[in-house]
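J.: everything below, folded, please.
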Amino acid sequence: MLTAIVLIVAEAGTVPEVAARVVNLPGVTDCFSVAGDYDLVALVRVKTHDALADAIADGVAKVPGIARTNTLIAFREYSRNDLEQAFAIGLE
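T.: Below you'll find the predicted structure:
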């Protein structure tokens, strides 16, 4: 599974509409409104690099109301549950 985090700047006054469009795109699992330099953060999870390109370049980037994006590709995923389970069985 490939995961990308897409940071999104929306045009003024369009955050709810952009979020609704983004979260309904294939490959997008979540979309959060956030405070700071970006308006939205979308999580994209797909099985192939081609699907990643489709989801971001042909999907998210073409949503009306998006001014710009910054995409981060995840190498590894760490979660509190995974770490707690690893320490519980003695893995380092």
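
J.: for Ala67, which non-adjacent residue is spatially closest?
T.: Val9 (4.6 Å; Cβ to Cβ, 6 or more residues apart in numbering). Any C-beta I mention is one placed from the backbone N, CA and C, and that applies to glycine too.

J.: buried stuff in the helix or strand hosting that neighbour?
T.: Secondary-structure element containing Val9, defined by DSSP states H and E: strand 2-10. By neighbour count, and taking 16 or more other Cβ atoms under 10 Å as the criterion, the buried residues in strand 2-10 are Thr3, Ala4, Val6, Leu7, Ile8, Ala10.

J.: may I see these organised as JSON lines, with distance to Ala51 and pLDDT added?
T.: Rendered in JSON lines, the data for those read as follows (distance: Cβ to Cβ, whole Å; pLDDT from 0 to 100):
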{"residue": "Thr3", "distance to Ala51": "12", "pLDDT": "96"}
{"residue": "Ala4", "distance to Ala51": "11", "pLDDT": "97"}
{"residue": "Val6", "distance to Ala51": "14", "pLDDT": "98"}
{"residue": "Leu7", "distance to Ala51": "20", "pLDDT": "98"}
{"residue": "Ile8", "distance to Ala51": "19", "pLDDT": "98"}
{"residue": "Ala10", "distance to Ala51": "24", "pLDDT": "98"}
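
J.: rewinding a little: what sits opposite the residue nearest to Ala67 in the beta ladder?
T.: Taking DSSP bridges, one finds Arg68 as the beta-bridge partners of Val9.

J.: tell me the pLDDT at it?
T.: Predicted confidence (pLDDT) at Val9: the value is 98.

J.: wait, it sits on Val63?
T.: No - between Val9 and Val63 there is no contact, the gap being 11.9 Å when judged by Cβ atoms under 8 Å.
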